[in-house]
Structure formats: structure tokens, C-alpha cells
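Visitor: mind looking at a prediction? Sequence and model below.
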Amino acid sequence: MTIVALNSKSASAILPRGGGVRGALSDLFWRKPKLLLLLMLLPPVLWLGIVYVGSLFALLLQSFFSIDEFSGLINRQFTLKTYGDLLQAANLDIILRTVTMAALVTFASAIIAFPIAYYAARYARGRWKALFYLGVMLPLWSSYLVKIYAWKLILAKEGILTWLLAKLHLLWLLDGWLSLPVVGGNSLSVSSTGTFIVFVYVWLPFMILPVQAALERVPGNLVEASSDLGASPGQTFRNVLFPLALPGIVAGSIFTFSLTLGDYIIPQIIGTSRLFIGQAVYSQQGTAGNIPLAAAFTVVPIVIMGLYLWGAKRMGAFDAL
Amino acid sequence: MTSAVSFQKVSRHFGSVRAVDMVDLDIVPGEFFAMLGPSGSGKTTCLRLIAGFEQPTSGSISIFGERAEGVPPYRRNVNTVFQDYALFPHLNVLDNVAYGLMVKGVGKLERQKAAEEALSLVRLPGYGARRPSQLSGGQRQRVALARALVNQPKVLLLDEPLGALDLKLRENMQEELKSLQKALGITFVFVTHDQGEALSMADRVAVFNDGKIMQIGTPEDIYQRPKTRFVADFVGSSNVLPPDFVQRYCGQHRWGSLRPESIRIGRAAKGDGVTARLVSTNYLGATTRLALDAEGLRLHAIVPAGAKLPGEGEAVVLTFNREHLHLMDEPG
């Protein structure tokens, strides 16, 4: 009998420790699991704590220095003068433009992402699910710059979009839109509308994935229960699906909102010559050499995100977590 | 009188799987109806067909005389208590219970009052402010029940609602459900795989197997007079006797069933009876279950605990009252 054979081999009730340092370490970590946790967490915590938070703090510190307008040297004395400069009308204009764009991009991303995420979470199985992930992630594999230049060509006056609309005899629609103030321009590639389209395209995956993850965690029978209790599909969406997906939407909007707030490449390549926060930071610390003002500009997105998260929490966005 | 629920030749196929296959069914208004069967027998699909989560592939379903095919769940005055309760995690208990009234547009004060009443009905008064996650399994089950009952449904569907509860709680809930149903007079349709539960609670039981109904009848009918081998075996693990065996004792060449408690055990070489060998004894508390080998046929007997028993492996003689041997419709 096998059992008998096994028994005779391992005669003792306690097995000997595994050989060498590895055996000793295994036993040590089993007895003190917190030691293992500490050893695993130490490197990333040091990285985040010193390299990341530390340098962020150093940057924030700079925003309380000021620049000497004659010599261009940085005066290392704490002052709120730089923040006074930040609140000039031209700079407020930049901040308002960037925040409006970020809000619109976030809103549009959420609306486009929800049906895709819903399909992926509720209906896609097996091969279709793999195709969904591939479709969402594939754009992230190619270079960000290549995608933006591709969009510049698509949106250009000689581009495929204008050509397509001409074939469909819908050019008047495009011309009408481009003749509007603020959103319009000579062509889509030099208008705020173009900037908006490309922002939505580039950040969409960052909205789809968290929303899909949130919807995935909503048990299907909650939708059935809602329907069973007399709720129409619209009521089920408002009262069950949306509140339960909200943490995912908020997580996604943190990505789309903060990425738009900080980006300086897309508005530089596609859109008008009016600046966004990222471009302002870039030019202040580069050509202008005004590091304190650049640092003050970077505080703006941090404060806005802080306010946004606080507001989301107040509105109960995380209650379903 | 119109049936509460009526199925006429209803089938529901999933691809090549016939989950429900040509089922005819009439549920009387105000009765406690149990659908009993092993998993995958089609009982839950039948329940989902009544709720409207599934649509029949063919056949017709009516609820209180009204045709229900193509009618979405939210237009049916039928409510469900789900197997895992399906309480909304983002709402507190009161809002969960008031949900059905909320979506129907009942005012806030009125629906909260109704929800409080429903919570008292299931003996959870004052629990309204809690979250479902703060409740025990038994309490969640009651909330799910209150959430369904507050809508005053014409038919209440219960999908294995007691499956996740421990034995003691389950027995309490069985009694409570039964008395609640009597008090409210609502038609209850109860799905379970537990034959004891079905027999103890239901006015009538439908036994399902392979998407078909094997037998519909009162618990006593089902237990004492099973029509097929499947019913005899599934309900109360009756001894199914092959036609040759039955012929020897009754003269009829048909399948028979004999309840384990109908078998009496005697010492060998004492009067006539079936000679058998005692294979094993299982102590069950109030009773003892014996496994017997009667010339190759495996039989089970249940005797009161404390009865003097022969040792395992010893020869015994089995006797039973001929009246207890039930002949089944199924041909031999």
C-alpha cells in the first residue's frame, strides 16, 4: 500500500528545517511575518518618501522664493510675492482655460467610457474580453508624440476629416463650428476643439479601466433586484449602477483631470497659441528662468485636485467603497 | 378560479441545454408552493421565468390570468427574495426596504413609514439606519424579505432563501416564513434543493429533474406515493426496489419504493423475510441509519436510537408491512 510506504519513509512527526540560509530565513519570516512585510515595503517607501515627496516638497518651497526682476537671480527669502504674480489677470486666464478644458475632457471621457466599460464588465466574456483589453490598451503602446502628430494630420485643413465631411456634403457644419468664438479657429488642428478631441482620445483608457473595474464588482443580481422591485432601466441606472460605479468614475476622473491639468505637449502641437498651465510652467522655468513662478503654477493643479477630491468625498462618491 | 401562476408547455433552452422542458404548472392563489430538485434541474429557471428575468423559448406563462411573455420584470407585480439577498450595498436598510416604493414615486415620509412597518413584520424594527454590511446573514435575509413584501406583491418568489443560514436559524426561519405566508395570504413560490424544507413548509411540492416536473402533489403524496424512481430516491432517500424484487413479495412486476423507516430488523433464522447482511450503522441522534446488503441490493433502514442492533457484518432478516411497499407508475 502506498500509504504504508509513505509512512515508513517519514518516520518523525516534525520534518527537519530546509538547508542553509534559505531554510533559516523561511522559518524566521514565518515566525515574524511583519519583518518580511517591512523588508518588502522599505524600498518603495524610501523611494516615494524621499525621492518623490521630498522633491515635490523642494519644488513647493521654491514657490515661496521670489525672483529679482533686474538681475534675474532668485531671492531665497520667504515671500508671497510670487503668488501675487500668479494671480495676475493673464495667469488667471491660463488657469481658468486649463481647468475648463480638464473638466470638459473629464466629463466627455466619462460619458464615452461608461458604455464601453459597461459592455466589458457585463457582457464581454473570453475572447471578447481579451479584445476589449487589447482595444483599450493598444493606443497606449504607441508613442504619445506619434499619436498627437497623427491627430494633427487628421484634424488639419487638408486632413481626412475635412475630406470626409466634404464627401458627405457636411462641410458647412464644420465651417459653422469653426467660425464660433473660443472653440473655433482656422482649422480643427489649430482650434480648442482640436485640443479637446485629442485630450479625450489620449486619456480615455485611463477612464475606461477604473470604471470597468468598478462595474465588474457590482453583482449582476443587484440590477435584477432593482428591476424586480419595479425600477425601469433608467431608474436602475440612476439608483444602482451609477452610485456603485461612482468610485470608479472618480478614480478615472482623477487621471483624466490631473493629466489634462499638467499636460504641455498636446496644447502646444494642437490648438490655439493660448497657453495652458503645463506650457506656462515649461516656459517660466525654461526661457523665462522664473523658477519660483513655475513652482507656484504647479501648486495650482495640486490645490485643484485636493479640492476636487474633498468635494467628491463630501458628495459621497466613496460611500460605495 | 384563475391560477396565480400558470405555465403551458413552457420551455427555456440555453443553446442546446434544455433548462426547462415543456413544463405545465398551475399554482393556486394563496398557496405555499415549493419547487424541489437537485441543482441544474430547472427549478430556478422556472422561478426566473415567473419573475421575468428569463423569457420562455416556447409556451405561455400567465400570472393571475394575464399573459406575461415579453413583460419586463419591472412591470410584474411579483417580487423576489434572492439567494444571496442582493441588498443594495450603498443604501441603508430602510432605503433598501423602501426602494420599490421609491421607484414607484411614493412620497418619502409615506414610504419610510411603510418600510418601518415591513421591518417590524420581519422582526427587525429600528434597524433602518444600518448598512447591509453591518448585518448578520439571518438579518440580511429578513431585510430582503421585507424589501419584497413592502410592495405587496401578488406572488412572492423565494430562491433558496435559507441556503446560506446555519441549521438552527434555518429551522426558525422556516416556521416564520410559513406563519408569515398564512398571515399575509400571498402566494409564495419557494425554490429549494432541501427536501425536508419543501415537505415541512409547502402546501404543494413540484419535484424537478432534467428540466421537467416529475411529480406535483402535497408533501404527503410526494413522500408516501412517489410516482417515479427519481422522486422516491430524491425525496427522503427511499429504497428503490427493482421489479424482480417487488414481484417476489407482491406478485406485480413493477418498480417499488420502501421508506427506510418502514423496514424492521430481526435476528437471522427467525421467521420469514428478506435475508440481508448489516454493512454499517450510522448514529444520527434520534435515530440510527443502517446500510444493508440484501443479496446484492443495497437497502437503508432507519430505526429508533437505542434499539438493540446486531453487529456489523452479521446476518439479519428484514420484514416490512406490505402496505408500506409503494408501487410506482414507472413500468418495470
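Guide: Great, that's in hand.
Visitor: use CA for all of it now, contacts and neighbours both
Guide: Will do.
Visitor: bridged to residue B:327, which residues?
Guide: On the basis of DSSP bridges, residue B:327 is bridged to residue B:256.
Visitor: quick check, it in contact with residue B:256.
Guide: Yes - taking Cα atoms under 8 Å as the definition, residue B:327 is a contact partner of residue B:256 at 4.4 Å.
Visitor: who has more neighbours, the two?
Guide: The neighbour comparison of residue B:327 against residue B:256 (other Cα atoms under 10 Å in any protein chain shown) goes to residue B:256, with 31 against 24.
Visitor: now that one: how far from residue A:280?
Guide: 91 Å (Cα to Cα, to the nearest Å).
Visitor: OK, contacts around the residue in the stretch 51-200 of chain A positioned nearest to chain B?
Guide: In the stretch 51-200 of chain A, the residue that lies nearest chain B is residue A:122 (15.3 Å; Cα to the nearest Cα). Residues counted as contacts of residue A:122 (Cα atoms under 8 Å, 6 or more residues apart in numbering or on different chains) are A:215-216, A:220.
Visitor: recalculate using a threshold of 10 Å.
Guide: Residues in contact with residue A:122 (Cα atoms under 10 Å, 6 or more residues apart in numbering or on different chains) are A:212, A:215-216, A:218-220.
Visitor: just residue A:145 next, same as before
Guide: Applying Cα under 10 Å, 6+ apart to residue A:145 gives the contacts A:151, A:265-266, A:269.
Visitor: residue B:227 too?
Guide: Here residue B:227 is in contact with B:214-216, B:221, B:255-257, B:326-330 (criterion: Cα under 10 Å, 6+ apart).
Visitor: in the stretch 51-200 of chain A, which spans are helices?
Guide: For the stretch 51-200 of chain A, the helices defined by DSSP state H, counting those that start in this stretch cover A:54-62, A:81-86, A:89-122, A:127-141, A:144-155, A:160-167, A:171-178, A:192-216.
Visitor: other SSEs contacting the helix or strand that comes right after the last one?
Guide: Yep, that's helix A:192-216 we're talking about. In the C-terminal direction, the helix or strand that comes right after helix A:192-216 (DSSP states H and E) is helix A:220-228. Here helix A:220-228 touches helix A:233-236, helix B:43-51, strand B:78-81, helix B:93-103, helix B:137-149, going by 3 or more Cα pairs under 10 Å, 6 or more residues apart in numbering or on different chains; DSSP states H and E.
Visitor: of these, which stretch is the most buried?
Guide: Ranked by mean neighbour count, those are led by strand B:78-81 with a mean of 27 (mean count of other Cα atoms under 10 Å in any protein chain shown).
Visitor: and it, average pLDDT?
Guide: For strand B:78-81, mean pLDDT rounds to 95.
Visitor: what residues does the stretch 101-250 of chain B put near chain A?
Guide: Counting by Cα under 10 Å from any Cα of the partner chain, the positions of the stretch 101-250 of chain B adjacent to chain A are B:101-104, B:144, B:147-148, B:150-151, B:153.
Visitor: and the residue of chain B found nearest chain A, how far from residue B:61?
Guide: With Cα to the nearest Cα, the shortest gap between chain B and chain A falls at residue B:74, namely 3.9 Å. Separation of residue B:74 from residue B:61 (Cα to Cα): 16 Å.
Visitor: re the thing from before, quick check: of the contacts of residue A:122, which has the highest neighbour count?
Guide: Neighbour tally across those (other Cα under 10 Å): the maximum, 26 neighbours, falls on residue A:215.
Visitor: does that residue touch residue A:246 like I think?
Guide: Yes - counting by Cα atoms under 10 Å, residue A:215 touches residue A:246, with 9.2 Å between them.
Visitor: count of neighbours near residue B:323?
Guide: 10.
Visitor: quick one: residues contacting it.
Guide: Residue B:323 neighbours (Cα under 10 Å, 6+ apart): B:250, B:258, B:262.
Visitor: give me phi/psi at the second one?
Guide: The phi/psi pair for residue B:258 (degrees, to the nearest 10) reads phi -140, psi 120.
Visitor: hmm, residue B:241 and it touching each other?
Guide: Yes - between residue B:258 and residue B:241 there is a contact under Cα under 10 Å: 7.4 Å.
Visitor: in TSV: the contacts of residue B:227, plus distance to residue A:81 and pLDDT.
Guide: As requested, those are exported to TSV (distance: Cα to Cα, whole Å; pLDDT from 0 to 100):
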residue	distance to residue A:81	pLDDT
B:214	87	93
B:215	88	93
B:216	87	95
B:221	93	90
B:255	100	87
B:256	100	88
B:257	97	88
B:326	100	87
B:327	101	86
B:328	98	85
B:329	99	77
B:330	98	70
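Visitor: so which of the residues you listed is the most crowded?
Guide: Of all these, the highest neighbour tally under other Cα under 10 Å goes to residue B:256, namely 31 neighbours.
Visitor: pretty sure it sits against residue B:242.
Guide: Yes - look at residue B:256 against residue B:242 with Cα under 10 Å: they come within range, at 6.6 Å.
Visitor: before we move on, back to that, any idea which of the contacts of residue A:122 is the one closest to residue A:49?
Guide: For the contacts of residue A:122, the closest approach to residue A:49 (Cα to Cα) belongs to residue A:212, at 30.9 Å.
Visitor: okay, now the domains of chain B?
Guide: B:5-233, B:237-331 (automatic domain parsing).
Visitor: ok, the residue in chain A positioned nearest to chain B - contacts?
Guide: Here the residue of chain A nearest chain B is residue A:230; by Cα to the nearest Cα that distance is 3.9 Å. Counting by Cα under 10 Å, 6+ apart, residue A:230 makes contact with A:224, A:236, B:72-79, B:99-104, B:151.
Visitor: pull the contacting residues for residue 306.
Guide: If you meant another chain, say so; for now it's chain A. For residue A:306, the contact set (Cα under 10 Å, 6+ apart) comprises A:300, A:312.
Visitor: that was the other one, I meant chain B.
Guide: Residue B:306 makes contacts with B:283, B:285-288, as judged by Cα under 10 Å, 6+ apart.
Visitor: surely residue B:191 meets residue B:80?
Guide: No - at 11.0 Å, residue B:191 does not count as touching residue B:80 under the criterion of Cα under 10 Å.
Visitor: tell me, what's touching these two both at once?
Guide: B:47, B:157-159, B:161.
Visitor: as a markdown table, those with distance to residue B:210 would be great.
Guide: Shown next, in a markdown table, are the shared contacts of residue B:191 and residue B:80 (distance: Cα to Cα, whole Å):
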| residue | distance to residue B:210 |
| --- | --- |
| B:47 | 15 |
| B:157 | 21 |
| B:158 | 21 |
| B:159 | 18 |
| B:161 | 22 |
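Visitor: which one in these is the model shakiest on?
Guide: Minimum confidence in the shared contacts of residue B:191 and residue B:80 sits at residue B:161, scoring 86.
Visitor: where's the closest residue to that residue other than its chain neighbours, which helix or strand?
Guide: The shortest distance from residue B:161 to any non-neighbouring residue, by Cα to Cα, 6 or more residues apart in numbering or on different chains, is to residue B:83 (4.9 Å). Assigned by DSSP H and E, residue B:83 falls within no helix or strand.
Visitor: next, count neighbours for residue B:83.
Guide: The number of residues packed near residue B:83 is 17, by other Cα under 10 Å.
Visitor: how close does it sit to residue A:36?
Guide: The gap separating residue B:83 from residue A:36 is 41 Å, by Cα to Cα.
Visitor: re earlier: which of the shared contacts of residue B:191 and residue B:80 fall within strands?
Guide: Applying DSSP state E to the shared contacts of residue B:191 and residue B:80, the entries found in strands are B:157-159.
Visitor: most surrounded residue in the residues you listed?
Guide: residue B:157 (26 neighbours).
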